[in-house]
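Asks: below: sequence and its predicted model.
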Amino acid sequence: MARDSKYDILFEPVQIGPVTAPNRFYQVPHCNVLGHGRPRAEAANRGVKAEGGWGVICTQEVEIHPTCEYTPFVEGRIWDARDIPQHRLMTDAVHAHGALAGIELAFNGHHASNLYSRVAPVAPCAIATDGGHPIQARAMTKRDIADVRRWHVEAARRAREAGYDIVYVYAGHDLSILQHFLKPQFNKRSDEYGGSLENRARLTREILQDVKDAVGHECAVAFRFATDELRGEGGLRAEVEGREVVEMLAELPDLWDVNVSAWDNDSATARFEPVEGYQEPYIAFVKQLTSKPVVGVGRFTSADAMVSQIKRGVLDLIGAARPSIADPFLPRKIDEGRIDEIRECIGCNICAAQDNISAPIRCTQNPTQGEEWKQGWHPERIEPAASDDHVLVIGGGPAGLECALQLANRGYPVTLAEATDRLGGRVSRECELPGLSSYARVRDYRESLLRKKPNVEIYLDNRLSAEDVLALEIPRVLVATGAHWRRDGIGKTLHFPVPGLDGADVLTPDDVLGGGNVEGRVLIFDDDDYYLGSTIAERCREQGREVVLVTPASTVSAWTVYTLEQHKIQSRLLDLGVEIVVSHALAEVEPGRAVVANVYHGSHRLDIEFDSLILVTTRLPDDALYNSLLEHEDRFSTLRAIGDCHAPGTVAAAVYDGHSAARHLESGKDIYAPLFNREIPALG
Ligand code: ADP
Ligand code: SF4
């Protein structure tokens, strides 16, 4: 199909200094924890996006010198000439598809703990490092400042030699030393680098000029700048300092890459920023102050929203990190008139969580993310079917939907049976909770494609028993029947049933999402630490109920620190008037009353009265059907449990497992994927 002419504007080339982007689709720098530890995987990951039509593909943060390194986080590294060949892998992979390659040179000051180099970090002034370690950064001398300038120049030269077209100077996310110099809370210097905003911006100006002088004849020099910290007077503000910095440096960089800080605001989850283009109020002014092109982000997945940004003069280039992760082929799909095939980011930040854990990137929507080199997975291509065997997928949740879709893409005849009257499984229920509506995209993307496939039959309201399955005589069966929440309190913290829960009238998330009767004062015991406990608390408050949330962790939704949400969640619950009790676990329950004990000192106990008790602890697989079928294993050439039925986990894990099962259908009953490619250090 041809693209709709209203999107032509997105495919116009854009001049950026001495180079030309082939279109307006711009993958801004984003971490993937492949980096210097996994250079082949990094190259393949970025190369696929170039193939998918992104006109510019950037690296993640790239350390320019060992005096500022990000161990344990595996990002980019360009310390010396020995690092150039691995960058060449990436630039070659990007250039092979006609895209430009950009590198984000980074020197992160007191955001680096230097756990590998063991050198004392530096900062504008003496300050604790922000990695939570007992390490302080020392104040930079003039010699240090000269060194940092020189290291940027040397790294820029190496970047040019490695084939990069765009070289970044970085002042964003509260990570980079150049932003630290701009911030009065970190820069209390009394020399010409401190005091007025002009002085605080001096090092940025010098480095931008230095890098331009060094490589500007061949490479575009981009400036990544956070215009606002969303802290009001407590931080940099777009209408004050942001505007002044852009006015001061307007024509110096070849490209302005603008966003908001810190990373949790730039990569805000859909729970906290549901609307795409949410950064516009903070960046729209930039284009009025510079003639240079401007790129910005806002979780753009809609081609119309992108066109609107360009036509209204907000942006010249549509920046994307997460939308390019969820769908590396987003530009091509717009170009080819296949908009309904775009796999839209759901704004869950599982990708960011992997980075914060220092694990290679993964994505809820795109299970091939990070697997491009490791397993040779491509987001748009899959091995054709090896036979015309009929395949039965039981359960239409995230695992079953993804598995059925990929089997159908392979060309297998697929029957998908779902017990209820709608597809989606857990996401169809959870998307009704506050802030989670985008989770429905996991279902909608797959369901809409499946419904168009001639080789797929979908049966709703079909709860299959083992006898039903055996009677169908389908040789290959994938069981994706999901999981249910426990009612006995057992979870991460408690390993024996809580006294008094046996037979008690308690609710689980399944009951709450299934329309169960939540009444009066609600006590939520959250030992899951992810999003459900706090979203259920929000919903109960919306319904006007009194809510007490008890968690054994020391914060609410503790795991969401990785998805960049924890602070926002706790703050929202406090705003909503939820009573929060941390570091306590259920000790005993009787009708209308629970005793919770301090996890550090069990004799510290609190009595809490409730009308409804909701337990958000752990789940048990719904594997009874699978176990019954296992007794007849010899009647199947494939029989596997997938997704939560195999092992309860995240939606991302269920989608991944469904995808993997479809790719490895022929490996039959062997549930483990074949060995994958690993980067093994070469000796010698
Ligand atoms: P996952 O995340 O692994 O996909 P879900 O719990 O989201 O798991 O989805 C499981 C789906 O399987 C649900 O939609 C559920 O209704 C369906 N299901 C459970 N048991 C059966 C069965 N016996 N036959 C058909 N569908 C089933
Ligand atoms: Fe979007 Fe979630 Fe994928 Fe990240 S993990 S790209 S937020 S869908």
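Replies: In hand now; what should we look at? Ligands and ions are numbered 1, 2, ... in the order given.
Asks: for Asn199, give me its contacts.
Replies: Applying C-beta atoms under 8 Å, 6 or more residues apart in numbering, we find Asn199 in contact with 189, 192-193. Placement of C-beta: from N, CA and C, glycine included.
Asks: Asn455 touches Asn409, doesn't it?
Replies: No - between Asn455 and Asn409 there is no contact under C-beta atoms under 8 Å: 9.6 Å.
Asks: who has more neighbours out of those two?
Replies: Under the criterion of other C-beta atoms under 10 Å, the comparison of Asn455 against Asn409 puts Asn409 first, with 20 against 17.
Asks: so that one touches Ile382, yeah?
Replies: Yes - using C-beta under 8 Å, Asn409 is in contact with Ile382, at 5.2 Å.
Asks: mutual contacts of those two, please.
Replies: Ala662.
Asks: what number of residues lie near Pro66?
Replies: 15.
Asks: and the pLDDT for it?
Replies: Here, the pLDDT recorded for Pro66 equals 97.
Asks: same check, this time on Pro681
Replies: Confidence score, pLDDT, at Pro681: 87.
Asks: please, which helix or strand holds it?
Replies: Using DSSP states H and E, Pro681 falls within no helix or strand.
Asks: same check on Asp657?
Replies: Counting by DSSP H and E, Asp657 is part of helix 651-663.
Asks: other SSEs contacting the helix or strand in which Lys568 is found?
Replies: Assigned by DSSP H and E, Lys568 falls within helix 566-576. Identification of packing neighbours for helix 566-576 by 3 or more C-beta pairs under 8 Å, 6 or more residues apart in numbering; DSSP states H and E yields helix 531-542, strand 579-582.
Asks: neighbouring strands of the last one in the sheet, and parallel or not?
Replies: Strand 579-582 sits in its sheet next to strand 547-551 (parallel), going by DSSP bridges.
Asks: a helix runs through Ile614, doesn't it?
Replies: No - going by DSSP: H, G, I helix; E, B strand; the rest coil, the assignment for Ile614 is strand, not a helix.
Asks: which ones are touching it?
Replies: Counted by C-beta under 8 Å, 6+ apart, Ile614 has contacts 506-509, 511-512, 518, 522-525, 536.
Asks: one step back: could I get the contacts of Asn199 as CSV with distance to Ala41, pLDDT and neighbour count?
Replies: Shown next, in CSV, are those (distance: C-beta to C-beta, whole Å; pLDDT from 0 to 100; neighbours: other C-beta atoms under 10 Å):
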residue, distance to Ala41, pLDDT, neighbour count
Arg189, 41, 98, 17
Glu192, 44, 98, 12
Tyr193, 39, 98, 18
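Asks: quick one: which of the residues you listed is nearest Ala101?
Replies: Using C-beta to C-beta, Tyr193 is the member of those that sits closest to Ala101, with 31.9 Å.
Asks: hmm, His217 and Val19 touching each other?
Replies: No - with contacts counted by C-beta under 8 Å, Val19 stays clear of His217, the gap being 11.1 Å.
Asks: so for those two, which sits in the more crowded spot?
Replies: Taking neighbours as other C-beta under 10 Å, Val19 and His217 compare with Val19 leading, 19 against 10.
Asks: leaving out the residues flanking it, which one is nearest to the more buried one?
Replies: Leaving aside its chain neighbours, Val19 sits nearest to Asp165 (4.6 Å; criterion: C-beta to C-beta, 6 or more residues apart in numbering).
Asks: surely Val167 is in a helix?
Replies: No - Val167 sits outside any helix when classified using three-state DSSP, being strand.
Asks: next one: it from ligand 2, what distance?
Replies: 26 Å (C-beta to the nearest ligand atom, to the nearest Å).
Asks: how many residues are close by that residue?
Replies: 28.
Asks: before we move on, what about Val28?
Replies: 24.
Asks: again with Arg118
Replies: 11.
Asks: do the same with Thr617
Replies: Thr617, neighbours per other C-beta under 10 Å, totals 23.
Asks: now Gly544
Replies: Close neighbours of Gly544, defined as other C-beta under 10 Å, add up to 6.
Asks: which elements pack onto the host helix or strand of Ile57?
Replies: Ile57 belongs to strand 56-63 when elements are defined using DSSP H and E. Under the contact criterion of 3+ C-beta pairs under 8 Å, 6+ apart, strand 56-63 touches strand 25-27, helix 39-51, strand 76-77, helix 84-95, strand 100-106, strand 166-171.
Asks: apply 7 Å and report the result again.
Replies: Judged by 3 or more C-beta pairs under 7 Å, 6 or more residues apart in numbering; DSSP states H and E, strand 56-63 is in contact with strand 25-27, helix 39-51, strand 76-77, strand 100-106.
Asks: from the contact counts, what lies against the third one?
Replies: Think strand 76-77. strand 56-63.
Asks: sorry, back to before: for ChimeraX, write the select line for the buried members of the contacts of Ile614.
Replies: Of these, the buried ones can be selected in ChimeraX as follows, counting by 16 or more other C-beta atoms under 10 Å:
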select :506,507,508,509,511,512,518,522,523,524,525,536
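Asks: pull out the buried residues from the strand holding Ile57.
Replies: For strand 56-63, a neighbour-count test (16+ other C-beta under 10 Å) marks 56-63 as buried.
Asks: and the stretch 301-450 of the chain, which residues reach ligand 1?
Replies: Within the stretch 301-450 of the chain, the positions near ligand 1 by C-beta under 6 Å from any ligand atom are 394-400, 417-420, 425-426.
Asks: mind checking which of these land in helices?
Replies: Those of these mapping onto helices are 398-400, 426, per DSSP state H.
Asks: any idea how far the helix ranked longest in the chain is from the chain center?
Replies: If you go by DSSP H, the chain has its longest helix at helix 142-161. Helix 142-161 sits 31 Å away from the centroid of its parent chain (C-alpha atoms, centre = their mean, to the nearest Å).
Asks: for that helix, give me every contacting residue.
Replies: The contact list for helix 142-161 (C-beta atoms under 7 Å, 6 or more residues apart in numbering) reads 64-65, 78, 81, 84, 103, 105, 107, 122, 167, 193, 203, 206-207, 210-211, 214-215, 218-219.
Asks: quick one, it and helix 84-95 angle?
Replies: 50 degrees (axes from the mean of the first three to the mean of the last three C-alpha atoms, to 10 degrees).
Asks: any idea of the angle helix 142-161 forms with strand 166-171?
Replies: Interaxial angle, helix 142-161 versus strand 166-171 (the same axes, to 10 degrees): 150 degrees.
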